[in-house]
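Asker: no sequence on this one, just coordinates:
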């Protein structure tokens, strides 16, 4: 599986990436029953992390920012919070891509979990300060569900990439 | 390749770009949280998302249609019988109400008060609930093209649901009464005491603020909209007082309210036409004229 991990000089498979991002965005919009809604994983975030880790030189923060705004409008939250989350995580992904690519996706969870958790803590602090929301533990539930999906999403993206843009 | 990627990426390092976008996001959060400038952007973007949303909703809709198709005849029969019975009972109430309406109208005529206009209704269905954990919103399938306007009150089968806070072309967003700081002017059904119920951001609890410690309010009191404020029509059930804490060290009593409408249990919503008149119940205008007349008579 590690054979697939591309080197820095690899060209970005644009069409495949766009297809995966659109698909992830739609998956994020699929309605869930109310009690599952709290645990909803952010698949798009995982796709962006994949982008950051494997194509770290070809990351467009502007695109990431726009996707965050789209997500915020879809979620009905304050504009900018999802953008900030995405920007933070893709920056972390780019910063640690050399190290994290040495591990198998299951082990990479150990990197992603604290990264996502700390970012969310920071974001919650920001929202409490600016918007005056009452902090709740439910805000951190998606962190667990999201990182659990990482190995599957990682595998699926690799499959789609090799199907659409075979190297 | 060189010319293509030389646009923005080559000039600044990822660190600089990261800092720039982070600051921009913080400014965006601040602007959106404190001001209303970005609603236009929100409406525009929501139009872009609409087709994607339709795709995402398709499997659920398919599943729902399939389960409706597979409903057995006996199930439908029992449901039909139940609905008939309920309908029968409601018809009786309706007849009583009709006579009361006529009586009320006549009495208002006698007193010289304005006759309350009937509200118009629009049926809508909840399409989805946005996942933002800090807001209590639902999105319904009627929007600006159907004539929904900002502030339109929404009710479900049990009582007040909330009011429309965002209107998109084909959908609109309803802020539930349980949404953080969502105020609903109410009246206690038992004694007519007026108060304002605020949402707290939780599904199962609201609170009445600013009622003094000695206010005549008890646990179990039913709260209905008072009609003051011009958004909600009067006499719609909002909730019941669930707990009162009277602590001398605070100027106001701490009153918790259990909302009547249960989100997630009903899909159907009625959008009522907005009460345009600022004072639908009190008829301040009519009352003023009356008191003025009386005053003149008294002076003479």
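Answerer: On my side now, so go ahead. Please read these numbers as outputs of a predicted model, since none were measured by experiment.
Asker: roughly how far does the closest residue to residue A:76 other than its chain neighbours sit from residue B:153?
Answerer: Of all residues not flanking residue A:76 in the chain, residue B:130 sits nearest, at 3.2 Å (Cβ to Cβ, 6 or more residues apart in numbering or on different chains). C-beta coordinates here come from the backbone N, C-alpha and C atoms, glycine included. Going from residue B:130 to residue B:153 by Cβ to Cβ, to the nearest Å gives 20 Å.
Asker: what residues are up against the residue nearest to residue A:76?
Answerer: A:74-77, B:137-139, B:173 (Cβ atoms under 8 Å, 6 or more residues apart in numbering or on different chains).
Asker: for chain B, which helix is longest?
Answerer: helix B:73-111 (DSSP state H).
Asker: name the residues linked to the residue sitting nearest the centre point of chain B by a beta bridge.
Answerer: Residue closest to the average C-alpha location in chain B (Cα atoms, centre = their mean): residue B:162, at 0.8 Å. Listed by DSSP bridges, the beta-bridge partners for residue B:162 are residue B:154, residue B:176.
Asker: looking at it, it is touching residue B:177, isn't it?
Answerer: Yes: contact criterion Cβ atoms under 8 Å: residue B:162 and residue B:177 qualify, at 5.2 Å.
Asker: residues from the stretch 101-250 of chain B in reach of chain A?
Answerer: B:128-135, B:137, B:139, B:173, B:180, B:200-201 (Cβ under 8 Å from any Cβ of the partner chain).
Asker: go again with 10 Å.
Answerer: B:127-139, B:165-166, B:168, B:173, B:175, B:180-181, B:200-203 (Cβ under 10 Å from any Cβ of the partner chain).
Asker: which among those end up buried?
Answerer: B:127-139, B:165-166, B:168, B:173, B:175, B:180, B:200-201 (16 or more other Cβ atoms under 10 Å in any protein chain shown).
Asker: so how far is the longest helix of chain B from its chain's centroid?
Answerer: 24 Å (Cα atoms, centre = their mean, to the nearest Å).
Asker: same for that helix, what does it pack against?
Answerer: Secondary-structure packing of helix B:73-111 (3 or more Cβ pairs under 10 Å, 6 or more residues apart in numbering or on different chains; DSSP states H and E): helix B:284-299.
Asker: report the longest helix in chain A, please.
Answerer: Max-length helix for chain A by DSSP H is helix A:105-131.
Asker: could you identify the helix or strand that succeeds that one?
Answerer: helix A:141-148 (DSSP states H and E).
Asker: list the helices and strands the very next helix or strand once past that next one packs on?
Answerer: Where DSSP H and E defines the elements, the next helix or strand beyond helix A:141-148 is helix A:150-164. The contact analysis (3+ Cβ pairs under 10 Å, 6+ apart) places helix A:150-164 against helix A:14-29, helix A:43-54, helix A:105-131.
Asker: I'd like the ones you listed laid out as CSV, including distance to residue B:47 and mean neighbour count.
Answerer: Formatted as CSV, the helices and strands packed on helix A:150-164 follow (distance: least, Cβ to Cβ, whole Å; neighbours: other Cβ atoms under 10 Å in any protein chain shown):
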stretch, distance to residue B:47, mean neighbour count
helix A:14-29, 15, 17
helix A:43-54, 20, 25
helix A:105-131, 25, 16
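Asker: how about those helices in TSV, adding mean pLDDT and distance to residue B:80?
Answerer: Below are the helices and strands packed on helix A:150-164 laid out as TSV (pLDDT from 0 to 100; distance: least, Cβ to Cβ, whole Å):
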stretch	mean pLDDT	distance to residue B:80
helix A:14-29	92	35
helix A:43-54	95	42
helix A:105-131	94	48
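Asker: would a markdown table of those helices with distance to chain B be doable?
Answerer: Listed next are the helices and strands packed on helix A:150-164 as a markdown table, based on distance: least, Cβ to the nearest Cβ, whole Å:
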| stretch | distance to chain B |
| --- | --- |
| helix A:14-29 | 4 |
| helix A:43-54 | 10 |
| helix A:105-131 | 4 |
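Asker: ok but residue B:197 is inside a helix, no?
Answerer: No: assessed with DSSP: H, G, I helix; E, B strand; the rest coil, residue B:197 is strand; it does not lie in a helix.
Asker: picking up where we left off before, now, which of the contacts of residue B:130 sits nearest residue B:79?
Answerer: Nearest to residue B:79 among the contacts of residue B:130 is residue B:138, at 24.8 Å by Cβ to Cβ.
Asker: chain B - how does it break down into domains?
Answerer: B:2-69, B:75-115, B:121-280 (automatic domain parsing).
Asker: residue contacts, residue B:181?
Answerer: A:132, B:175, B:198-201, B:209 (Cβ atoms under 10 Å, 6 or more residues apart in numbering or on different chains).
Asker: which one of the residues you listed is nearest residue A:148?
Answerer: Distances from residue A:148 to the contacts of residue B:181, taken by Cβ to Cβ, are shortest for residue B:201, at 27.1 Å.
Asker: that closest one and residue B:135 touch, don't they?
Answerer: Yes: distance between residue B:201 and residue B:135: 7.7 Å, which falls inside the contact criterion (Cβ atoms under 10 Å).
Asker: residue nearest the centroid of chain A?
Answerer: Short answer for chain A (Cα atoms, centre = their mean): residue A:45, at 1.7 Å.
Asker: can you pull the contacts of the residue of chain A positioned farthest from its centre?
Answerer: Largest separation from the mean C-alpha position in chain A: residue A:132, at 26.0 Å (Cα atoms, centre = their mean). By Cβ under 10 Å, 6+ apart, residue A:132 lies in contact with B:33-34, B:134, B:180-181.
Asker: just name the closest of these to residue A:163, please.
Answerer: Out of the contacts of residue A:132, the member with the shortest distance to residue A:163 (by Cβ to Cβ) is residue B:134, at 39.0 Å.
Asker: quick one: secondary structure of the closest one?
Answerer: coil.
Asker: ok, back up a step: okay, and the common contacts of residue B:201 and residue B:135?
Answerer: Shared contacts of residue B:201 and residue B:135 (Cβ under 10 Å, 6+ apart): A:133, B:176, B:179-180, B:182.
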